Every structure is written in structure tokens, then in C-alpha cells.
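attaching a predicted model along with its sequence, questions to come.
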There are 2 protein chains.
Amino acid sequence: MRSASDLTARARVRDAALARFGTDGIAGTSVRAVAADAGVSPALVVHHFGSKEGLRQACDDYVLDSIRSGGETSIEALGEVLQAATPIRRYLARALLDDTPAARALFAEIVDRTEAWLAAGEQEGWVRASADAKARAVTYVSWLLAPLVLGDQVGRLLGGDPAETATAVRGARAGLEMLTHGLFADDRWLTAFTDIDERTRP
Amino acid sequence: MRSASDLTARARVRDAALARFGTDGIAGTSVRAVAADAGVSPALVVHHFGSKEGLRQACDDYVLDSIRSGGETSIEALGEVLQAATPIRRYLARALLDDTPAARALFAEIVDRTEAWLAAGEQEGWVRASADAKARAVTYVSWLLAPLVLGDQVGRLLGGDPAETATAVRGARAGLEMLTHGLFADDRWLTAFTDIDERTRP
DNA sequence: ACAAGCGCTGAACATCTGTTCAATACTCTG
DNA sequence: CAGAGTATTGAACAGATGTTCAGCGCTTGT
């Protein structure tokens, strides 16, 4: 872990903004608060990032880079990376809700990667066939992101800091259990919904 | 559907606040904007709700009532109810992120109901056994809520308004497919995570 | 009919917001 | 060492924000 005082003022401001934006939301965070957290004047924030909007974009870019630089990590590992980097996770959740361009791009990108990953697994035989591959990929990604977005709620009920590895793993394991053996032992819900689906989407 | 002009000013303000809070976030919404949407003066908002915080609490209460009054609906139906009531859904997502007391209570309540529901299903034989019932319930609920919270993103990629029934059903069906037949055809991921879990939680 | 009370408003308030600007300290390059 | 350029600041401004308050019109119980 790098110590805060080692960073340039610019980086300190960006980190402070990331944390504040994630905790209080973007609209709920004032430039002055970010500046105070970083130990600089409000004017410096504007000097470096042009405006509050510019600061938000810098956060977007930083988060995108942080996640993309994970690069070759598997989708599952990506979950762990996010879990470890709590401020980034919080910020990402806000950005996803605020429908930031970066968040939009990121979500689409993850879905694409996932769809390809699942398709490969399907050919290799360790992923089951699906009636609607796209919908499955989207749903799977939203499930993957859910504990991150709802981290506070999930963590509280699982009795631990959601950033703590143990808690995260516990949730992930429960999820994998459902994804491997299934949750429901028979088709009652699935057939019901398949009927509805075919009726509303002919 | 009730028409807006039939409602009392108080109700109109509450509805406007619900919509605005959900779309722009609570911090990002001004009392003046809510008042304008409701066609009243800012002073009236304060007159009825005391303060902006009071208005937010009124929204919390309203959402809680709306969902609870669903009462005997199954958990799955609850998803549809939420999907139909878009403003409430959006507001709920924000509240969940902002960690509102009401949202906190609601999440815990849904998890409790779900855990009981799954336990019953387990005894009746249509739900599989789990190694960690609590974690499974929490994860399942977070999955159920995920498309609601990430509705914008999911909806865009599934090519339709996420509030539209067809889109929602399509996602739900894909989810049920995974929950019934499973996603993974073998144990490779599950055993890997079970190992990690046992190592980090001895 | 009349007072009481409620719904509702416009104008005003102090405060906080994002942003600007001139000026100072600092750090390199020549 | 001189000077250019960058980092940084305090003070200031215009606008937005949450909230207050005296007063208006309207219903309603007596």
C-alpha cells in the first residue's frame, strides 16, 4: 500500500474524490470536501481537473484503467479484484446507477467478455446450453455485480465487512453452489416463466 | 392509473419527489425541482414535510408500504411488482445505495422472508440443499434485486425498456434457467471456491 | 356571519455551491 | 544565477440551495 503523503497532490485529490463520490454520491460531494480530504485548496482541484465534471471523468478513467489492467484475470477473479478495492467498488456502483458513459461502456464490455467466455465454455462442455445466450450473459453479469453494488447490505447480513475476503468468498461460494447444482430441484418456475416469455415475445 | 390532477398536492409532491430522487439521486434533487414538478411552491413542500429530509422519509415510508402491501405475493411476483412500478424501483435502488434506514430494514426483511421460503421449499423437496442457507438467501436476494438496481444497464443491452414486461421476463427467464439446470456442467469452480472458503474460514 | 384553521404563496434569509483570478511559492532549464 | 513554467493559494463572485415568515384565500364548524 502506498502512503498518502507519497502521492502527488493531483493523485491525492483523485483518490479523495473517488472515495467521496463513492460514499456520498457525486451530487452529494462538494469540491471543497474533496479538497479538504486531500489537504489542498478548492482552487487546486479546479486547476488540475478543470471542473467538477472533469474530476468525475478522471475518476471514471481511473476506475476503467484499474479494472482493465486486471487484463488476463478470469471473470471470477475480477470479482475479487473489485472486492478488494473498496473505494473503486463503491464508485463503480454509483457510476452504474448514475449511468455514467464510462460505467455504460464498462458494463457492455464485461457483458461481451462474459458472453464470449460462456460460449467458449459451452463448446468445451463445462457450461450448459442456453435458450437465450445474450440474456444469460447480461443476467449473469448483473448477478456478478450485485454483491458489489449492494455490498453494504450483503455484508451486514453476512456479518462482516463486505470487503473482507472471508465474507466475499462466502457469498461467492453460495452463488457458485446455485450455479453448479442449481437452486430449484424441478422445472416448476422455469416452465411457468418460459410460458410467459413465449406469450409476451412471440 | 390515477391522473395526477386528482391527487392532493401533498401526494403530488411525494410522487414528484419519488421520481426525482430515483432519477437524479437525493442529493442531486433540489426542493425547488420537486416543487416545480408537482406544480406547487417550494414553501409548500416544507409546509407538508417539514424539510427535505422529512420528504425523503415520507418517500421511504411510501415505498415500504407499497412493497409490504404486496403482502402475500410470492418472492418472484415481488420482482414483477417492482418491475412494474418503475419510480419506486429507481428510488429503492438509490435508497439501497444510500443505506437509508428504510432500505436497510427492507433488505433484511426480504432476506428473512426468502430464507424461510427456501427452507420450506427444501422440506417440500423443490429446493436443493445448501451448505450455507443464510449466505444462499442473501446472495439470492441480491441477485433478485440486481436487475432492478442495474435496470438501466440491463435494459439497454437486452434492447428494451427494462420496465417493459417483455424485457424483464426475458431476463428473469434466463435467470431461472441458470437456477434450475445450473450454469456450470461440472464442479470445477465450486470445488475451487469451497477450498478457498474452508481455508479462509476455518 | 364570523372566527379558526388549513392549504398555499412570494419574497427574503443565510449558507453553500462551482468557478474565477491575481498573486505567491516552487522547480526545473538554459 | 536568471527566468520560464508549474504548483498552489486566498479572496471573491454569481448563482443555487434549504429554510423562514408574514400574509393571502378558502373551507368549516359554531
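That came through, no problem.

what segments of chain A are helices?
Per DSSP state H, chain A carries helices over the ranges A:9-24, A:31-38, A:42-49, A:52-68, A:75-84, A:86-98, A:101-124, A:133-149, A:151-157, A:165-181, A:188-200.

contact partners of the shortest one?
Spelled out, that is helix A:151-157. With contacts defined as C-beta atoms under 8 Å, 6 or more residues apart in numbering or on different chains, helix A:151-157 is touched by A:89-90, A:93, A:147, A:161-164, A:167, A:171, B:96-97, B:99, B:103-104, B:107-108, B:111, B:134, B:138-139, B:142. Every residue, glycine included, has its C-beta placed from N, CA and C.

just the C-alphas of stretch A:102-113, formatted as PDB.
What follows is stretch A:102-113, C-alpha atoms only, in PDB (Å, rounded to 0.1, in the frame of the first residue of the first chain):
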ATOM      1  CA  ALA A 102     -17.700   5.100 -18.600                       C
ATOM      2  CA  ALA A 103     -19.900   2.800 -16.500                       C
ATOM      3  CA  ARG A 104     -22.100   2.200 -19.500                       C
ATOM      4  CA  ALA A 105     -19.100   1.200 -21.600                       C
ATOM      5  CA  LEU A 106     -17.700  -0.900 -18.800                       C
ATOM      6  CA  PHE A 107     -20.900  -2.800 -18.300                       C
ATOM      7  CA  ALA A 108     -21.200  -3.500 -22.000                       C
ATOM      8  CA  GLU A 109     -17.600  -4.600 -22.200                       C
ATOM      9  CA  ILE A 110     -17.900  -7.000 -19.300                       C
ATOM     10  CA  VAL A 111     -21.000  -8.500 -20.800                       C
ATOM     11  CA  ASP A 112     -19.300  -9.000 -24.100                       C
ATOM     12  CA  ARG A 113     -16.300 -10.700 -22.500                       C
END
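
quick one: it to chain centroid distance?
10 Å (C-alpha atoms, centre = their mean, to the nearest Å).

cool, stretch A:57-65 as well?
Distance, stretch centre to chain centre, for stretch A:57-65: 13 Å (C-alpha atoms, centre = their mean).

that one and chain B in contact?
No. Applying C-beta under 8 Å from any C-beta of the partner chain, one finds stretch A:57-65 separated from chain B by no less than 14.9 Å.

span of stretch A:32-50 from start to end?
Terminal residues of stretch A:32-50 lie 14 Å apart, using C-alpha to C-alpha, to the nearest Å.

low-confidence stretches in chain A?
Residue ranges of chain A with pLDDT under 70: A:1-6, A:70-85, A:160-165, A:197, A:200-202.

could I get the helices of chain A as CSV with mean neighbour count and distance to DNA strand D?
Converted to CSV, those look like this (neighbours: other C-beta atoms under 10 Å in any protein chain shown; distance: least, C-beta to the nearest atom of the strand, whole Å):
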stretch, mean neighbour count, distance to DNA strand D
helix A:9-24, 20, 3
helix A:31-38, 18, 7
helix A:42-49, 16, 3
helix A:52-68, 17, 13
helix A:75-84, 17, 28
helix A:86-98, 23, 16
helix A:101-124, 16, 22
helix A:133-149, 23, 25
helix A:151-157, 22, 24
helix A:165-181, 22, 35
helix A:188-200, 15, 40
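
for those helices, give me CSV that also has distance to residue B:44.
Converted to CSV, these look like this (distance: least, C-beta to C-beta, whole Å):
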stretch, distance to residue B:44
helix A:9-24, 28
helix A:31-38, 31
helix A:42-49, 35
helix A:52-68, 31
helix A:75-84, 44
helix A:86-98, 29
helix A:101-124, 36
helix A:133-149, 35
helix A:151-157, 34
helix A:165-181, 45
helix A:188-200, 42
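
can you put these in TSV and add distance to DNA strand C?
Output for the helices of chain A, formatted as TSV (distance: least, C-beta to the nearest atom of the strand, whole Å):
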stretch	distance to DNA strand C
helix A:9-24	10
helix A:31-38	4
helix A:42-49	4
helix A:52-68	4
helix A:75-84	27
helix A:86-98	14
helix A:101-124	17
helix A:133-149	24
helix A:151-157	23
helix A:165-181	32
helix A:188-200	40
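
nearest to residue B:16, of those helices?
Residue B:16 sits nearest to helix A:86-98 of all the helices of chain A, at 19.8 Å, using C-beta to C-beta.

and the closest one, what other elements does it pack with?
If contacts are counted by 3 or more C-beta pairs under 8 Å, 6 or more residues apart in numbering or on different chains; DSSP states H and E, helix A:86-98 sits against helix A:9-24, helix A:52-68, helix A:75-84, helix A:101-124, helix A:133-149, helix A:151-157, helix B:86-98.
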